[in-house]
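**Q** Structure for this input, please:
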Amino acid sequence: MGLFSKKPKELVYNEVECRRKKERLREMFNEAVEDGDSYKLLHISETTTKFERGFVFDTNTTTYYHYILGYRESDDSIVLVQIDRELSQHSEAVPIDMDKVAQAHYNPKYAQASLIYKKGSKGYGEVMNIGDTGSKTVAGIPDMVQGEEREQFLDYLEGLRSRLEQKGYKQEKWKRG
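**A** Okay, the predicted model is just below:
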């Protein structure tokens, strides 16, 4: 560490609240997905940013979206269920067409996992923030720490990468961090 380096702060969160929210995620996922218990779950978020140049002021708006990602290793099935920040409402399940996925990637610096679609597919893919949030988060769901779940998902992504390589899709190198 250098003279002006700061030691990273420990994430402050409420373990009981974190456990309660994970149980709520499971309830919501099971309501939206038939046979939901056969999936492993992970909370993810995605953001969109819109920049507009104004006459007097420029505006930059960021919108946060929260999802429950369910994945099943037996058939490489991935399902997304959009949720609200308060964990009171959810959407219908949206399956990801795994036949369109050509790459799986993880960036540990930003705690982002990506599923990148084949060329010619509608859209780029899914860029998923899979980091933890503490009690004082402004944008994410507070008290959402999921280290064990994240490691299981990264194990799944590594297996998915090798299956994609066997199909002939080149994968970028990545480290877990």
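**Q** show me where the chain has helices.
**A** When secondary structure is read from DSSP state H, the chain shows helices at 15-32, 147-166.
**Q** now those helices in a markdown table, with mean pLDDT and mean neighbour count?
**A** Any C-beta I mention is one placed from the backbone N, CA and C, and that applies to glycine too. Supplementary listing: these in a markdown table, determined by pLDDT from 0 to 100; neighbours: other C-beta atoms under 10 Å:
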| stretch | mean pLDDT | mean neighbour count |
| --- | --- | --- |
| helix 15-32 | 97 | 16 |
| helix 147-166 | 96 | 15 |
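**Q** could I get those helices as JSON lines with distance to Val79?
**A** Rendered in JSON lines, the data for these read as follows (distance: least, C-beta to C-beta, whole Å):
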{"stretch": "helix 15-32", "distance to Val79": "8"}
{"stretch": "helix 147-166", "distance to Val79": "13"}
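**Q** closest one to Asp75 among the ones you listed?
**A** helix 147-166 (11.6 Å; C-beta to C-beta).
**Q** Go ahead and name everything in contact with that closest one.
**A** When contacts are taken as C-beta atoms under 8 Å, 6 or more residues apart in numbering, the neighbours of helix 147-166 outside the stretch itself are 40-42, 69, 71, 73, 76, 101-104, 106, 111, 113, 130, 132, 171, 176.
**Q** Look at Gln112 and report its pLDDT.
**A** Gln112 is assigned 95 on the pLDDT scale.
**Q** wait, isn't it in contact with Ile130?
**A** Yes. Because the distance of 7.0 Å satisfies C-beta atoms under 8 Å, Gln112 is recorded as touching Ile130.
**Q** In terms of neighbours, single out the busier of the two.
**A** Legend: neighbour count by other C-beta atoms under 10 Å for Gln112 and Ile130, higher for Ile130 (19 against 16).
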